[in-house]
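Asks: Based on what follows, work out the 3D shape:
(chains A and B)
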There are 2 protein chains.
Amino acid sequence: MEHELKEFIKMCDEAIKKEDFDTLMNYYTDDAVLVVKPGMIARGKEEIKKAFIAIAKYFNNSLMPTQGEMIILEAGDTALVLSQTLINSDKTDSDYSMDRRSTYVFKKNPQGEWLCAIDNSYGTELISNKDI
Amino acid sequence: MEHELKEFIKMCDEAIKKEDFDTLMNYYTDDAVLVVKPGMIARGKEEIKKAFIAIAKYFNNSLMPTQGEMIILEAGDTALVLSQTLINSDKTDSDYSMDRRSTYVFKKNPQGEWLCAIDNSYGTELISNKDI
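Replies: Next comes the predicted model:
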């Protein structure tokens, strides 16, 4: 049986593909953060929804994220998911990688449901090009 | 002023350097997980402490982790830290990278103190060598 978070992330990807952002927002915590692109963060459902609408438009409304290899590190009500995220769209000139190593943090709410708290599809790429 | 998590991680690195693992364990949640090496996980303070003792020995009791560039993504009581982790020791033949892109997840406890819940110094490297 697949880990429940794997199924959950599939539902998120499906909602993104269908551009059903109201359903998608049910999958985030109220204070969730989304890394829209390096240096740009959306905070809270309202900003995250707006960001997803802009992202969908950027990808010619043809965005289809899927996940490849995935590692789930679970510590009680918190989980870190490391995932190969493949981004398909009919846009051929994206400035951003379409094959990413994402880092997602999920939290279990009191009802035992996982919700996304931190959504960073850029993973450690956010630091890898910086010099110390 | 530096982010409080940056200071906190400095204290963790200092405790590792001093091999003060009892103090170090105060910085972890009870159900924390540590990625000891790819494919090996320690769960809970007892296992994590044992793992740190073994890691210290592996590095000839000369382990000195420090952090370089760091990005902190904070969502309420949860934070994902992406960090360049530099591992120094007098061991010259380590099987593991000494310059890593770590992913750490921290949680704030009811007293408002950050604790480490997920400690993965291998970051997305855990998946990057696998084929989908």
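Asks: Can you tell me the element the residue nearest the centre of chain A falls in?
Replies: Most central residue of chain A, judged by C-alpha distance to the mean C-alpha position with Cα atoms, centre = their mean, is A:D119 at 4.4 Å. In this assignment (DSSP states H and E), A:D119 forms part of strand A:114-120.
Asks: contacting residues around that strand?
Replies: Outside of strand A:114-120, the residues that reach it under the criterion Cβ atoms under 8 Å, 6 or more residues apart in numbering or on different chains are A:4-5, A:8, A:12, A:27-29, A:31-35, A:48, A:79, A:102-109, A:126, B:73, B:75-76, B:78-80, B:82. Placement of C-beta: from N, CA and C, glycine included.
Asks: Please tell me how far the residue nearest to the centre of chain A sits from A:S83.
Replies: As judged by Cβ to Cβ, to the nearest Å, A:D119 and A:S83 stand 11 Å apart.
Asks: same check, this time on A:A15
Replies: The spacing between A:A15 and A:S83, counted by Cβ to Cβ, is 16 Å.
Asks: same deal with A:E14?
Replies: 15 Å.
Asks: same deal with A:N109?
Replies: Using Cβ to Cβ, one obtains 21 Å as the distance from A:N109 to A:S83.
Asks: and those two? which has more neighbours close in?
Replies: Summary of the neighbour comparison: A:N109 and A:S83, criterion other Cβ atoms under 10 Å in any protein chain shown, with A:S83 having more neighbours (25 against 10).
Asks: Please, which helix or strand holds the more buried one?
Replies: A:S83 is part of strand A:78-88 when elements are defined by DSSP H and E.
Asks: so for the helix or strand just after that strand, what's the average pLDDT?
Replies: The C-terminal neighbour of strand A:78-88 among helices and strands, as given by DSSP H and E, is strand A:99-108. The average pLDDT within strand A:99-108 is 96.
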